[in-house]
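**Student:** Mind folding the following:
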Amino acid sequence: MLKALNEQLNREMYSAYLYFAMAAYFDDLNFEGFSSWMKAQAEEEVGHALRFYNYIYDRNGRVELKEIPQPPKEWESPIEAFKAAYEHEQFISKCINELAALAEEEKDYPTRSFLEWFINEQVEEEASVKKILDKLRFAENSPQILFMLDRELASRGPKLPTLLMQKEE
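**Tutor:** I've put the predicted structure just below:
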């Protein structure tokens, strides 16, 4: 169970890297709203990793940090980036469900209880990305709708201190 929890911690850190890579992609395209949304998503994933980190120590385990693979840095379009984000969230949901099944199999009820939050969170994560993906598919041939969606997504910005998110002048 400890090995599986450490693997999920690594996946959560990769998720943050992936969303930061997507933010950088959108920054390159001057889609500040999409970038802001991705930065907030990356920040959330770091929070998820910290939940695993703290839980492992709360259960007298040892955190083993592993190398975080480099994520892609280019996508064909905003639709493709959000499609990749949605597929990634589906993958994370599958991993969380497998962890919960392992906890049940091991009769590790505290871990099963801990994972309940993530099970519910993944329903939200998938739904959130899917809504944006659906809107992007609808807007595929409409720059006006794409622009409006970019502005809409700017409302979900990262919560890290502003200093950390500002660009150097």
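**Student:** shaky segments in the chain?
**Tutor:** Filtered on pLDDT under 70, the chain yields the residue ranges 157-169.
**Student:** Does residue 24 touch residue 72 like I think?
**Tutor:** No: using C-beta atoms under 8 Å as the test, residue 24 is too far from residue 72 to be in contact (10.8 Å). For every residue, glycine as well, the C-beta is placed using N, CA and C.
**Student:** Residue 59: what's its closest spatial neighbour, skipping adjacent residues?
**Tutor:** Closest residue in space to residue 59, ignoring its immediate chain neighbours: residue 110 at 6.9 Å, by C-beta to C-beta, 6 or more residues apart in numbering.
**Student:** where's residue 108 relative to residue 48, distance?
**Tutor:** Counting by C-beta to C-beta, to the nearest Å, the separation of residue 108 from residue 48 is 19 Å.
**Student:** Output the contacting helices and strands for the longest helix seen in the chain.
**Tutor:** Secondary structure of the chain per DSSP state H: the longest helix is helix 109-138. On a contact count with 3 or more C-beta pairs under 8 Å, 6 or more residues apart in numbering; DSSP states H and E, helix 109-138 meets helix 32-58, helix 78-105, helix 143-153.
**Student:** okay, the ones you listed, which one's buried deepest?
**Tutor:** Among the helices and strands packed on helix 109-138, ranked by average contacts under mean count of other C-beta atoms under 10 Å, first place goes to helix 32-58 (a mean of 19).
**Student:** quick check, distance from it to the centre of its chain.
**Tutor:** 7 Å (C-alpha atoms, centre = their mean, to the nearest Å).
**Student:** Compare residue 24 and residue 72 (neighbour count), which wins?
**Tutor:** Of the pair residue 24 and residue 72, residue 24 is the one with more neighbours under other C-beta atoms under 10 Å, namely 16 against 12.
**Student:** roughly how far apart are the closest residue to the more buried one other than its chain neighbours and residue 89?
**Tutor:** The spatial neighbour of residue 24 that comes closest, neighbours along the chain excluded (C-beta to C-beta, 6+ apart), is residue 73 at 6.8 Å. Taking C-beta to C-beta as the measure, residue 73 falls 19 Å from residue 89.
**Student:** just residue 57 next, same as before
**Tutor:** For residue 57 relative to residue 89 (C-beta to C-beta), the value is 27 Å.
**Student:** Any chance of the helices and strands packed on helix 109-138 in a markdown table with distance to residue 120 as columns?
**Tutor:** Putting these into a markdown table (distance: least, C-beta to C-beta, whole Å) gives the following:
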| stretch | distance to residue 120 |
| --- | --- |
| helix 32-58 | 13 |
| helix 78-105 | 10 |
| helix 143-153 | 23 |
